[in-house]
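Undergrad: quick one: sequence plus predicted model below, questions after.
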Amino acid sequence: MERKPSPTSIVSVALPVALTNLYSYRVPEGAHLVPGSVVAVPLKTRKLNGVVWEKLAEGKQTLPSGKLLLEIETIYDCPILNHDLRRFSEWVARYYLVPLGMVLRMILNVPQAFKPIQSTKQQRLFQINHDPSKNTEPRKRLLQYLKENPFQDSSAKFYSRTELAVASGVSKSVIDKLIESGCLKETLIPIQPAEQQELSDNKPMLLNHHQKLATTLLQDSIANSTFKVFLLDGVTGSGKTEVCFQAIAHTNALGKQVLVLLPEVALTAQFIESFRVRFGIEPYEWHSRTSQKNRARCWRNISSGSASIVVGARSAIFLPFRNLGLIVVDEEHDGTFKQTDRVNYHARDMAIVRGKFSNATVVLASATPSIESLVNVRNNRYQHIILPIRAGGASLPNIEIVDIRGHGLSKKKYISPVIYEALRQAINEGAQGILFLNRRGYCPITICHKCGLRYQCCHCSTWLVEHREPKCLLCHYCGYSTEKPTFCHACKETDSLVSCGPGVERISEELSLLFPEARKLVLSSDMHGGMERLRTELTRISQGEVDIIIGTQLIAKGHNFPKVKIVGVIDADLGLSNGDLRAGERTFQVLQQVTGRAGRVKAISAKGFIQTRSPHHPLIQAIASGDTKSFYKYEINEREASGMPPFQRLASIIVACKIKEDALSYARHLAQKAPAVDNINVLGPIEAPLFLLRDRYRFRLLVKTSRKTTIQTYIQNWLSIAGKPGRAIDVKIDIDPYCFL
């Protein structure tokens, strides 16, 4: 009879699967494991990576009925996940009502990092030998990209095939065929992995009085190694980045690690370039466009402590820092910090929780702070640091409201004569202009003027957006696309389809007629070429190689374009009629941010123009007058009076199914089973605004409670009473929802 393992040889392992329980495994004879060790274990027919969560404690083991415990198969030679990260993971799982394994999945999503990194690696250098005899459009695009990005010994750029393909907007097969034909030469070059260097703070900038005070406060907090949250609230161009650089340098000098969170991948390029110029090195990068090899190296060096500074997107909050001293959340107000898939966490809020577990200083930086953060300042949870003036003597742009009801815009024209004239003068002076419209593509709706048919996605209850690059009708939710038809599918009429309303591509088309000689660039998330292309275009703008930038929200966040003199907002009313509780706040923030791209150097007297059909709207007036305090006061009072966040709490529950009747039936069942509790209101179910999404019908229930109520406990009890839905029905819980579609 085989002996049962002794308690000392059993550990509980957390696995990255959608389960809440831990699994017990035998430790191989002679092996020494501690909580946080990364291991590989068998689970049914699979082998999964997991983390030793704790030594076996009574009542914690999950024993397969009638079977002996399985043994850990692999113990990885990599740093452990420390106590702070494990407790943080448990907190996130409890707060957002998700299995611990789903949080762990975000931490362990780089299996290459668990194996020792080789001392050398090879990268590819691509060079052009000669042009091909047959030159297709993709080949031209690839070769043109390589010509525009020459490789020099002093600043060679290395690519994997995938990275080069993404950067140039072609498939890998195009590269392979050019190599086979001898047109393209591929050289493998062994290079040493670069470890994190010490910062060389050799280019400190002169600080004004407000920046000096801010820097002192942050450095004192970092030196004390105590958890504290600061709201760094400075007007656009006030030097918030330099204050953060000073804090980063101080943290690095103390031997602690730094995490900088940015809301958009697009912002990392400019931040990293500014960091390199300032300190002589580049920080580690972490976002969705980082290659798997670089992600593995980043993860490993962070966990070992050799990576001292990391710049990343929201998922970087789950990296295994060993000695975290400072977290900076730039553009803290930005809604993209909210994850809306699987684990619906908010990276800004979780940065504060992570900082608390690590005794780190947390800096929330913004020119347009979120109402949540301002209320936390009012309640003395955060310390408020204000930078009221622009750095370097620059002035904020003057804002002019353009009432497009009275400016005689001709049919299918969207740029008013006022903005046209301002752009013309700016270009003649060698300056730049920005036109902002938060709408991708060419037009939002295609309609038949004969029968009224509007082209809608066949998988989602939303209109198809026309794009001219490439030519198609596209759903921005599920990605479905189709060629734009030449006749109406309903009435069969030819030449009856009309493109209604403008997108950025249509504004670019209009500019081509107004300024045929001007150098124009459209910046939106639809742009081909990935991160490398985006970096190239941002550099072109900064160096003055573009006259007019037409962009979506992508250009509103944090960019420093020193030659921009004019900013024109094409349609300021977009979003004002949205029923979302944050619609006014978000519109105010994006308009304030985008107009703030102008006049960021002392020599430029800048102007911002806001085209609107609602010139007397309080929000529009607040931006024009620069009276941000009045706007925030009004918005905060409205939220408090209506009992909305941050004064009360919300949780959203979405019930979705391919069969509409089944989704509605279970949603009604949930509503009927909701326990009656004081200070808790359950609203719904009603159809979600985006009723059909990826072929699934969606019904929403909303839970509203006081701040003192533990909403998670209520929801767990409620769902337990209601029982599990059918296998075809999804129930998605979103604590503190940001999106109400």
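TA: That came through fine.
Undergrad: what separation do you get for residue 551 and residue 590?
TA: 11 Å (C-beta to C-beta, to the nearest Å). No exception for glycine: its C-beta is placed from N, CA and C like everyone else's.
Undergrad: typed the wrong thing, it's residue 230
TA: For residue 230, the distance to residue 590 equals 24 Å [C-beta to C-beta].
Undergrad: what do you get for residue 580?
TA: For residue 580 relative to residue 590 (C-beta to C-beta), the value is 13 Å.
Undergrad: list the contacts for the spatially closest residue to residue 238 that is not a sequence neighbour?
TA: Leaving aside its sequence neighbours, residue 238 sits nearest to residue 387 (C-beta to C-beta, 6 or more residues apart in numbering; 3.8 Å). Neighbouring residues of residue 387 by C-beta atoms under 8 Å, 6 or more residues apart in numbering: 210, 211, 214, 232, 233, 234, 235, 238, 239, 240, 243.
Undergrad: do residue 71 as well
TA: Taking C-beta under 8 Å, 6+ apart, we find residue 71 in contact with 25, 26, 27, 28.
Undergrad: buried among those? Make that a ChimeraX selection.
TA: The following ChimeraX line selects those of these that are buried, judged by 16 or more other C-beta atoms under 10 Å:
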select :25,26,27
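Undergrad: would TSV of the contacts of residue 71 with distance to residue 303 and pLDDT be doable?
TA: Formatted as TSV, the contacts of residue 71 follow (distance: C-beta to C-beta, whole Å; pLDDT from 0 to 100):
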residue	distance to residue 303	pLDDT
25	22	91
26	26	88
27	22	89
28	23	88
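Undergrad: in TSV: the contacts of residue 71, plus distance to residue 440.
TA: Below are these laid out as TSV (distance: C-beta to C-beta, whole Å):
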residue	distance to residue 440
25	49
26	54
27	54
28	54
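Undergrad: wait, which of the contacts of residue 71 is closest to residue 674?
TA: residue 25 (39.9 Å; C-beta to C-beta).
Undergrad: host element of that closest one?
TA: In this assignment (DSSP states H and E), residue 25 forms part of strand 23-26.
Undergrad: now residue 565
TA: strand 564-569.
Undergrad: now do the buried residues in the helix or strand just after that strand.
TA: Downstream of strand 564-569, the first helix or strand assigned by DSSP H and E is helix 583-595. By neighbour count with 16+ other C-beta under 10 Å, helix 583-595 contains the buried residues 584, 585, 586, 587, 588, 589, 590, 591, 592, 593, 594, 595.
Undergrad: do stretch 268-279 as well
TA: For stretch 268-279, the neighbour count (16+ other C-beta under 10 Å) marks 268, 269, 270, 271, 272, 275, 278, 279 as buried.
Undergrad: now, which of those lie within helices?
TA: Per DSSP state H, helices hold the following members of the buried residues of stretch 268-279: 268, 269, 270, 271, 272, 275, 278, 279.
Undergrad: returning to that earlier point: and the strand holding residue 565, which strands flank it?
TA: Sheet pairing for strand 564-569, assigned by DSSP bridges, gives strand 432-436 (parallel), strand 607-612 (parallel).
Undergrad: before we move on, back to that, between the ones in helices among the buried residues of stretch 268-279, which is closest to residue 429?
TA: The shortest gap between residue 429 and any of those belongs to residue 270, at 24.4 Å (C-beta to C-beta).
Undergrad: got the contact list for that closest one?
TA: Contacts here follow C-beta under 8 Å, 6+ apart; on that basis residue 270 touches 538, 558, 559, 560.
Undergrad: run the last query once more with 7 Å
TA: With contact taken as C-beta atoms under 7 Å, 6 or more residues apart in numbering, residue 270 is in contact with 538, 559, 560.
Undergrad: same thing with residue 647?
TA: 639, 640.
Undergrad: repeat that with 10 Å
TA: The neighbours of residue 647, taking C-beta atoms under 10 Å, 6 or more residues apart in numbering as the test, are 371, 375, 636, 639, 640, 641, 706, 707.
Undergrad: so what's the residue count around residue 541?
TA: Applying other C-beta atoms under 10 Å, we find 24 residues neighbouring residue 541.
Undergrad: what about it, which SS state?
TA: Put simply, residue 541 is helix when judged by DSSP: H, G, I helix; E, B strand; the rest coil.
Undergrad: what residues does it make contact with?
TA: For residue 541, the contact set (C-beta under 10 Å, 6+ apart) comprises 270, 432, 434, 521, 523, 547, 549, 551, 555, 559-564.
Undergrad: go on, residue 255?
TA: Contacts of residue 255 (C-beta under 10 Å, 6+ apart): 305, 308, 323, 325.
Undergrad: for residue 79, see how far away the first one is.
TA: Separation of residue 305 from residue 79 (C-beta to C-beta) stands at 8 Å.
Undergrad: those two: which has the busier surroundings?
TA: For residue 305 and residue 79, the more surrounded residue by other C-beta under 10 Å is residue 79, and the numbers stand at 20 against 15.
Undergrad: secondary structure element holding the residue lying closest to that one once chain neighbours are set aside?
TA: Nearest non-adjacent residue to residue 79, counting by C-beta to C-beta, 6+ apart: residue 303, 4.0 Å away. Element membership for residue 303, per DSSP H and E: helix 292-304.
Undergrad: which of the residues in that helix are buried?
TA: By 16+ other C-beta under 10 Å, the buried positions in helix 292-304 come out as 293, 294, 295, 296, 297, 298, 299, 300, 301, 302, 303.
Undergrad: same check, this time on stretch 538-549
TA: Using 16+ other C-beta under 10 Å as the test for burial, stretch 538-549 gives 538, 541, 542, 546, 547, 548, 549.
Undergrad: which one of the contacts of residue 647 is nearest residue 40?
TA: Scanning these for proximity to residue 40, where the rule is C-beta to C-beta, the winner is residue 707, at 43.2 Å.
Undergrad: TSV for the strands paired with strand 564-569, including mean neighbour count?
TA: Shown next, in TSV, are the strands paired with strand 564-569 (neighbours: other C-beta atoms under 10 Å):
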stretch	mean neighbour count
strand 432-436	28
strand 607-612	25
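Undergrad: and the next helix or strand past the helix or strand bottoming out on mean pLDDT in the chain?
TA: Across the helices and strands of the chain, mean pLDDT, DSSP states H and E gives its lowest value to strand 121-128, namely a mean of 65. Counting by DSSP H and E, the next helix or strand C-terminal to strand 121-128 is helix 137-148.
Undergrad: which elements pack onto the helix or strand following that following helix?
TA: Sequence-wise, the next helix or strand downstream of helix 137-148 (DSSP H and E) is helix 161-168. Under the contact criterion of 3 or more C-beta pairs under 10 Å, 6 or more residues apart in numbering; DSSP states H and E, helix 161-168 touches strand 121-128, helix 137-148, helix 172-180, strand 184-191, helix 292-304, helix 530-542.
Undergrad: quick one: closest of those to residue 113.
TA: helix 292-304 (3.9 Å).
Undergrad: could you give the angle of that closest one to helix 161-168?
TA: Angle of helix 292-304 versus helix 161-168, following axes from the mean of the first three to the mean of the last three C-alpha atoms, to 10 degrees, is 110 degrees.
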